[in-house]
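Q: Next come a sequence and a model predicted from it.
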Amino acid sequence: MSLLEVSNLEAFYGASQALFGVNLQIAEGQLVALMGRNGMGKTTTVRSITRMLRTTKGAIRFDGKDLTVLPSFRAARLGIGLAPEGRRCFANLSVSENLMASARSGPWDIEKATELFPRLGERMTQSASTLSGGEQQMLAIARALLTNPRLLILDEATEGLAPVVRQEIWAAIAKLKQGGQSILVIDKGFSELRAVADRCVILARGETVWTGTPASLTSDVETEFLGV
Ligand code: ATP
């Protein structure tokens, strides 16, 4: 059984339909890359899975449970941890306060998070608003990890970050995967995504148009759906 199974997902912003049939599955321990050009529905898919957007049709099952009937805090409690697009840390709280605010019991604690991101360990008392973009992204990922999620979702994992910081984030993602963490990741760095993913799911105009392994993602597919 898949950890996450999304079938024929449709989603609506008021009268406007944004998703028309998204299908994706994540098995336990897998890293799945959700890909597509701008505006194709990746963030809307994440918002639907996490139930921040509840006006959806179709099935979303997590560990066999129907997520569509749950509010977002219940979906989070089932074990979905999100580092959202734009990071959304609490700007006027310190790094440690941000981390403590999301902590739930399990193997991930502040010490383990700062082993993954040593830079955060050096900035525990600093206000989140004074962190660099890369540090804020590390904090957003660490916060999601401290919820001890069964599935970690990273929306725009490295967006707007300097190349050297991006490499740090990708290295951390690779470590998490090695540790058996199930991960859904969105990013514009297609080559980095392909290097780390077990499977790729491509969206176009709000629906899944291609699913397969990174090795089977040919240049024709890239040209047609990713504009590479
Ligand atoms: P990007 O890579 O640019 O973040 P995306 O693939 O994540 O894009 P979405 O943000 O999910 O795409 O957008 C999918 C569609 O839904 C787009 O047509 C977008 O304009 C629309 N949309 C997104 N958010 C809203 C909203 N709050 N209200 C109305 N329409 C929206």
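A: Okay, I see it.
Q: and the chain, which of its residues are near the ligand?
A: Counting by C-beta under 6 Å from any ligand atom, the chain comes close to the ligand at 13, 16, 18, 36, 38-44. Just so you know, the C-beta spots here come from the backbone N, C-alpha and C atoms, and that holds for glycine as well.
Q: Of these, grab the buried ones for PyMOL.
A: Buried residues within the residues of the chain next to the ligand, by 16 or more other C-beta atoms under 10 Å, are selected in PyMOL with:
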select buried, resi 18+36+40+41+42+43+44
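Q: Could I get the CA-only coordinates of stretch 51-60 as PDB?
A: Taking Å, rounded to 0.1, in the frame of the first residue of the first chain, the C-alpha atoms of stretch 51-60 are listed here in PDB:
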ATOM      1  CA  ARG A  51      -6.100  20.300   3.300                       C
ATOM      2  CA  MET A  52      -5.300  24.000   3.300                       C
ATOM      3  CA  LEU A  53      -7.400  24.000   0.200                       C
ATOM      4  CA  ARG A  54     -10.500  21.900   0.900                       C
ATOM      5  CA  THR A  55     -12.600  22.500  -2.200                       C
ATOM      6  CA  THR A  56     -11.500  19.300  -4.000                       C
ATOM      7  CA  LYS A  57     -12.900  16.300  -5.700                       C
ATOM      8  CA  GLY A  58     -11.200  12.900  -6.100                       C
ATOM      9  CA  ALA A  59      -9.400  10.800  -3.600                       C
ATOM     10  CA  ILE A  60      -6.500  11.600  -1.300                       C
END
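Q: quick check: mean pLDDT across that stretch?
A: Averaging pLDDT along stretch 51-60 yields 95.
Q: And stretch 121-133, by the same measure?
A: Rounded mean pLDDT across stretch 121-133 is 90.
Q: chain center to that stretch: distance?
A: Computed by C-alpha atoms, centre = their mean, to the nearest Å, the chain-centroid distance of stretch 121-133 equals 22 Å.
Q: can you give me the helices for this protein?
A: Remark: helices assigned in the chain by DSSP state H are 42-49, 72-79, 95-102, 110-116, 118-121, 133-146, 163-178, 190-196, 219-221.
Q: Including distance to Met1, could the ones you listed go into a markdown table?
A: Formatted as a markdown table, the helices of the chain follow (distance: least, C-beta to C-beta, whole Å):
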| stretch | distance to Met1 |
| --- | --- |
| helix 42-49 | 17 |
| helix 72-79 | 15 |
| helix 95-102 | 28 |
| helix 110-116 | 28 |
| helix 118-121 | 35 |
| helix 133-146 | 23 |
| helix 163-178 | 20 |
| helix 190-196 | 24 |
| helix 219-221 | 28 |
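Q: Of those, which is nearest Arg205?
A: Among the helices of the chain, helix 42-49 comes nearest to Arg205, with 11.7 Å by C-beta to C-beta.
Q: Now do the closest one: which elements does it pack against?
A: When contacts are defined as 3 or more C-beta pairs under 8 Å, 6 or more residues apart in numbering; DSSP states H and E, helix 42-49 sits against strand 4-13, strand 16-26, strand 31-35, strand 56-62.
Q: Perfect, that will be all.
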